[in-house]
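J.: Sequence and computational prediction follow.
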Amino acid sequence: MCTGNICRSPTAEALFEAAVKAQGLAHLTHDSAGVDSHHIGQMPDPRTRAVAKSRGTPMDHLVARNVRPEDYYTFDLILAMDETHLAALMRKRPDDATAHIALHLDYAGITERADVPDPYYGETADFEYVYDLLTRANNALIARLTA
(Lines give C-alpha, C1' and ligand atoms only; values in the text may rest on other atoms or scores of the structure.)
Protein backbone atom coordinates (compact mmCIF):
# COMPACT_ATOMS: atom_id res chain seq x y z
CA MET A 1 0.00 0.00 0.00
CA CYS A 2 1.41 3.38 -0.99
CA THR A 3 0.08 6.82 -1.89
CA GLY A 4 -1.13 6.59 -5.49
CA ASN A 5 -0.32 2.96 -6.33
CA ILE A 6 2.06 3.91 -9.16
CA CYS A 7 5.58 3.51 -7.71
CA ARG A 8 6.27 1.52 -4.55
CA SER A 9 3.27 -0.75 -4.16
CA PRO A 10 3.09 -1.88 -7.81
CA THR A 11 6.82 -2.61 -7.65
CA ALA A 12 6.23 -4.76 -4.58
CA GLU A 13 3.26 -6.44 -6.28
CA ALA A 14 5.18 -7.22 -9.49
CA LEU A 15 8.16 -8.57 -7.56
CA PHE A 16 5.94 -10.69 -5.32
CA GLU A 17 4.00 -11.99 -8.33
CA ALA A 18 7.21 -13.00 -10.13
CA ALA A 19 8.64 -14.67 -7.01
CA VAL A 20 5.56 -16.71 -6.14
CA LYS A 21 5.22 -17.79 -9.76
CA ALA A 22 8.88 -18.85 -9.91
CA GLN A 23 8.61 -20.73 -6.62
CA GLY A 24 5.29 -22.43 -7.38
CA LEU A 25 3.49 -20.55 -4.61
CA ALA A 26 0.42 -19.41 -6.55
CA HIS A 27 -1.72 -19.87 -3.42
CA LEU A 28 -0.11 -16.69 -2.00
CA THR A 29 -2.55 -14.17 -3.45
CA HIS A 30 -1.55 -10.53 -3.70
CA ASP A 31 -2.58 -7.11 -4.93
CA SER A 32 -1.54 -3.51 -4.46
CA ALA A 33 -3.49 -0.33 -3.87
CA GLY A 34 -3.10 3.30 -2.89
CA VAL A 35 -4.53 5.38 -0.09
CA ASP A 36 -5.21 8.35 -2.41
CA SER A 37 -7.25 8.40 -5.60
CA HIS A 38 -4.93 10.57 -7.75
CA HIS A 39 -3.96 7.80 -10.18
CA ILE A 40 -6.86 5.32 -10.25
CA GLY A 41 -6.89 3.44 -13.54
CA GLN A 42 -3.36 4.47 -14.53
CA MET A 43 -0.41 2.20 -15.20
CA PRO A 44 2.60 2.43 -12.88
CA ASP A 45 4.87 5.44 -13.29
CA PRO A 46 6.99 5.18 -16.48
CA ARG A 47 10.21 5.31 -14.43
CA THR A 48 8.97 2.46 -12.23
CA ARG A 49 8.13 0.41 -15.31
CA ALA A 50 11.49 1.19 -16.93
CA VAL A 51 13.47 -0.01 -13.90
CA ALA A 52 11.31 -3.13 -13.59
CA LYS A 53 11.65 -3.89 -17.30
CA SER A 54 15.41 -3.45 -17.17
CA ARG A 55 15.49 -6.02 -14.35
CA GLY A 56 13.16 -8.48 -16.08
CA THR A 57 10.06 -7.88 -13.97
CA PRO A 58 6.87 -7.32 -15.99
CA MET A 59 4.41 -4.78 -14.62
CA ASP A 60 2.66 -3.26 -17.64
CA HIS A 61 -0.46 -5.27 -16.70
CA LEU A 62 -0.88 -3.43 -13.38
CA VAL A 63 -3.39 -0.61 -12.93
CA ALA A 64 -3.66 1.73 -9.94
CA ARG A 65 -6.58 1.36 -7.57
CA ASN A 66 -7.57 2.57 -4.13
CA VAL A 67 -7.76 0.45 -1.02
CA ARG A 68 -11.33 -0.76 -0.63
CA PRO A 69 -13.26 -1.70 2.52
CA GLU A 70 -13.44 -5.32 1.35
CA ASP A 71 -9.63 -5.50 1.25
CA TYR A 72 -9.68 -5.59 5.04
CA TYR A 73 -11.53 -8.91 4.84
CA THR A 74 -10.25 -10.39 1.56
CA PHE A 75 -6.58 -10.27 2.51
CA ASP A 76 -4.92 -11.74 5.59
CA LEU A 77 -2.17 -9.15 5.52
CA ILE A 78 -2.02 -5.54 4.31
CA LEU A 79 1.45 -4.02 4.19
CA ALA A 80 2.09 -0.27 4.15
CA MET A 81 5.14 1.30 2.53
CA ASP A 82 5.55 3.96 5.20
CA GLU A 83 4.21 5.26 8.51
CA THR A 84 1.84 7.71 6.78
CA HIS A 85 0.20 4.90 4.84
CA LEU A 86 0.04 2.73 7.93
CA ALA A 87 -1.81 5.50 9.76
CA ALA A 88 -4.21 5.98 6.83
CA LEU A 89 -4.91 2.24 6.68
CA MET A 90 -5.60 2.14 10.39
CA ARG A 91 -7.99 5.11 10.14
CA LYS A 92 -9.91 3.43 7.30
CA ARG A 93 -9.89 -0.01 8.95
CA PRO A 94 -13.38 -1.26 9.83
CA ASP A 95 -13.76 -2.25 13.48
CA ASP A 96 -14.35 -5.90 12.60
CA ALA A 97 -11.65 -6.16 9.91
CA THR A 98 -9.76 -9.44 9.80
CA ALA A 99 -6.59 -8.36 7.97
CA HIS A 100 -3.38 -7.79 9.89
CA ILE A 101 -1.85 -4.39 8.99
CA ALA A 102 1.88 -3.69 9.27
CA LEU A 103 4.79 -1.86 7.71
CA HIS A 104 6.18 -3.81 4.75
CA LEU A 105 9.84 -3.60 5.76
CA ASP A 106 9.17 -4.27 9.44
CA TYR A 107 7.01 -7.31 8.72
CA ALA A 108 9.68 -8.63 6.34
CA GLY A 109 12.36 -8.21 9.01
CA ILE A 110 14.26 -5.40 7.27
CA THR A 111 15.32 -3.27 10.22
CA GLU A 112 17.81 -0.73 8.84
CA ARG A 113 14.95 1.60 7.93
CA ALA A 114 11.23 1.80 8.71
CA ASP A 115 9.86 3.22 5.46
CA VAL A 116 10.23 2.41 1.80
CA PRO A 117 11.22 5.83 0.44
CA ASP A 118 9.02 7.44 -2.19
CA PRO A 119 11.03 7.74 -5.43
CA TYR A 120 8.38 9.83 -7.24
CA TYR A 121 10.25 13.14 -7.02
CA GLY A 122 13.66 11.53 -7.38
CA GLU A 123 16.02 10.27 -10.04
CA THR A 124 16.36 6.87 -11.70
CA ALA A 125 18.73 5.81 -8.91
CA ASP A 126 15.91 6.32 -6.39
CA PHE A 127 13.62 3.98 -8.35
CA GLU A 128 16.44 1.43 -8.58
CA TYR A 129 17.02 1.66 -4.82
CA VAL A 130 13.32 1.05 -4.13
CA TYR A 131 13.32 -1.91 -6.53
CA ASP A 132 16.34 -3.44 -4.78
CA LEU A 133 14.94 -2.77 -1.30
CA LEU A 134 11.58 -4.30 -2.19
CA THR A 135 13.29 -7.30 -3.77
CA ARG A 136 15.02 -7.98 -0.44
CA ALA A 137 11.84 -7.34 1.52
CA ASN A 138 9.69 -9.58 -0.68
CA ASN A 139 12.23 -12.42 -0.53
CA ALA A 140 12.20 -12.18 3.27
CA LEU A 141 8.40 -11.90 3.30
CA ILE A 142 7.96 -15.03 1.18
CA ALA A 143 10.39 -16.91 3.40
CA ARG A 144 8.37 -15.84 6.45
CA LEU A 145 5.03 -16.74 4.88
CA THR A 146 6.22 -20.18 3.79
CA ALA A 147 8.16 -21.10 6.96
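T.: Yep, it's here. Numbers count the residues shown, from 1 in each chain.
J.: Which stretches in this structure count as strands?
T.: Under the criterion DSSP state E, strands of the chain are mapped to 77-80, 100-103.
J.: buried residues in the longest helix belonging to the chain?
T.: If each helix of the chain is counted by residues according to DSSP state H, the longest one is helix 124-146. For helix 124-146, the neighbour count (16 or more other C-beta atoms under 10 Å) marks 126-131, 133-135, 137-138, 141-142 as buried. To be clear about C-beta, it is placed using only N, CA and C from the backbone, and glycine gets the same treatment.
J.: neighbouring contacts of it?
T.: The contact list for helix 124-146, computed with C-beta atoms under 8 Å, 6 or more residues apart in numbering, reads 7-8, 11-12, 15-16, 19-20, 23, 25, 28, 47-48, 50-52, 55, 57, 79, 104-105, 107-110, 116-117, 119.
J.: one more time with 6 Å
T.: Contact partners of helix 124-146, identified using C-beta atoms under 6 Å, 6 or more residues apart in numbering, comprise 8, 11-12, 15-16, 19, 47-48, 51, 104-105, 108-110, 119.
J.: Disregarding residues adjacent in the polypeptide, which is nearest to Ala52?
T.: Here the nearest residue to Ala52 in space, its sequence neighbours aside, is Met59; by C-beta to C-beta, 6 or more residues apart in numbering that works out to 4.8 Å.
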